[in-house]
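**Student:** let's see this in three dimensions:
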Amino acid sequence: MVWHALATCDAGGGHYAPALVLDGKAYDLEPLFAAHPSPALQAVAARGLLSEFGNWPAIASELARIAGQAQAGTLKLGPVAPSRLVQPFTPHRIFATASNFIEHANEMGTVLAAKAESAPYVFMKASTSVVGPDAPIVLPAVSKQVDWEVELAAVIGQGGRNIPLDRALDHVAAYTIMNDISARDMTRRNDYPFKFDWFRGKSFDTFGPFGPWLVPAALIDDPQKLKLRLEVNGKTMQDDSTAAMIFTVAEQIAYLSSILTLQPGDVIATGTPNGVGMGTNTYLKPGDDVVASIERIGSLRNPVIQS
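**Tutor:** Prediction:
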């Protein structure tokens with residue numbers, strides 16, 4: 001199957017349309033529908049991707065068919081300007097796993113229990129933190145320590161409760177990138193007996209760059225064999241592999257579903273490797289350019305501005 005992805009483009013007038021990504025370029029799908037009906041993708045165009053995740057198998061099937069025809073040259077597609085791409089969708093729930101790489105935990109001064117005596121540490125980010133490719137990360141005036149974290153994001157297609165570990169990846173519709181932007185000086189608190197406030201440090205508006213598109217799970221052979229990299233102004237800050245995760249993507253899904261019912265469109269940001277700014281006391285500043293990349297998915301670029 002040819003590599004492809006599903007993007008979302010701003011079609012104007014408050015309308016957002018599905019787009020096919022081939023060889024790193026996006027193509028508008030809506031003009032095809034009159035001559036080449038695609039009911040599942042037309043439903044995405046009409047009602048938005050989030051409401052249609054329960055029908056992901058049909059969406060993925062139609063997308064793969066169109067990608068194959070386009071690659072073979074039997075279907076002509078109109079390109080979409082990169083500036084029109086937005087986040088693939090805005091999830092209702094974003095689960096994020098903290099300290100899921102040993103070297104990252106070490107650089108943060110976090111002492112972890114042995115995996116056999118532990119479980120994933122999960123917090124939630126606000127959906128209003130989500131922005132798409134090329135949208136600015138806005139530094140809040142109250143923080144002087146805004147940091148980056150490249151993470152593999154798994155998007156749930158089929159929901160469920162008490163999902164068995166050996167079936168967990170069957171519930172993933174697609175993979176993409178999340179940059180879990182974090183205000184370190186807002187995450188730690190001294191005015192309460194609770195030392196960490198993950199919600200406050202992680203949920204400022206624009207603190208969730210997400211995208212640039214969704215790669216169907218069928219195109220990712222093993223989510224534990226993907227290279228992760230993050231650059232600030234062209235300098236590599238993070239460079240590791242999902243193989244170094246403490247809790248795998250499947251283990252995180254099984255764990256979360258033991259607590260609550262996972263729903264179609266839920267997003268799990270699966271943890272970041274070492275190389276964040278806090279390790280060297282280096283933080284984002286206005287004018288910076290941040291690029292988070294994951295093998296087999298692509299790159300997510302966002303500029304940094306001051307509020």
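**Student:** export stretch 33-53 as CSV, just CAs?
**Tutor:** Only the C-alpha atoms of stretch 33-53 are listed here, as CSV (Å, rounded to 0.1, in the frame of the first residue of the first chain):
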residue,chain,number,x,y,z
PHE,A,33,-16.8,13.6,-4.9
ALA,A,34,-19.2,14.5,-7.8
ALA,A,35,-17.6,12.1,-10.2
HIS,A,36,-16.1,9.7,-7.7
PRO,A,37,-18.5,9.3,-4.7
SER,A,38,-16.8,8.4,-1.4
PRO,A,39,-19.6,8.3,1.2
ALA,A,40,-17.3,8.1,4.3
LEU,A,41,-15.1,10.9,3.2
GLN,A,42,-18.1,13.0,2.1
ALA,A,43,-19.5,12.5,5.6
VAL,A,44,-16.1,13.8,7.0
ALA,A,45,-16.5,16.9,4.7
ALA,A,46,-20.1,17.4,5.8
ARG,A,47,-19.8,16.8,9.5
GLY,A,48,-16.1,17.0,10.5
LEU,A,49,-13.7,14.2,11.2
LEU,A,50,-14.2,14.0,14.9
SER,A,51,-17.9,12.9,14.5
GLU,A,52,-16.9,10.2,12.0
PHE,A,53,-14.1,8.4,13.8
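**Student:** what mean pLDDT does the longest helix along the chain have?
**Tutor:** When the chain is scanned for its longest helix (criterion: DSSP state H), the result is helix 56-72. Helix 56-72 carries an average pLDDT of 96.
**Student:** next one: stretch 90-108
**Tutor:** What stretch 90-108 shows for mean pLDDT is 95.
**Student:** need the contact partners of whichever helix or strand comes after the longest helix of the chain.
**Tutor:** Next helix or strand after helix 56-72 toward the C-terminus (DSSP states H and E): strand 78-79. Strand 78-79 is contacted from outside by Lys25, Ala26, Tyr27, Asp28, Pro31, using C-beta atoms under 8 Å, 6 or more residues apart in numbering. C-beta here means a position set from N, CA and C on the backbone, and glycine is covered the same way.
**Student:** buried ones in the helix or strand containing the second one?
**Tutor:** In this structure, Ala26 is located in strand 25-28 according to DSSP H and E. Of the residues in strand 25-28, those buried by neighbour count under the rule 16 or more other C-beta atoms under 10 Å are Ala26, Tyr27, Asp28.
**Student:** then stretch 25-38?
**Tutor:** Buried residues in stretch 25-38, defined by neighbour count with 16+ other C-beta under 10 Å: Ala26, Tyr27, Asp28, Leu29, Glu30, Leu32, Ser38.
**Student:** likewise for stretch 15-23?
**Tutor:** For stretch 15-23, burial by neighbour count (16+ other C-beta under 10 Å) applies to Tyr16, Ala17, Pro18, Ala19, Leu20, Val21, Leu22.
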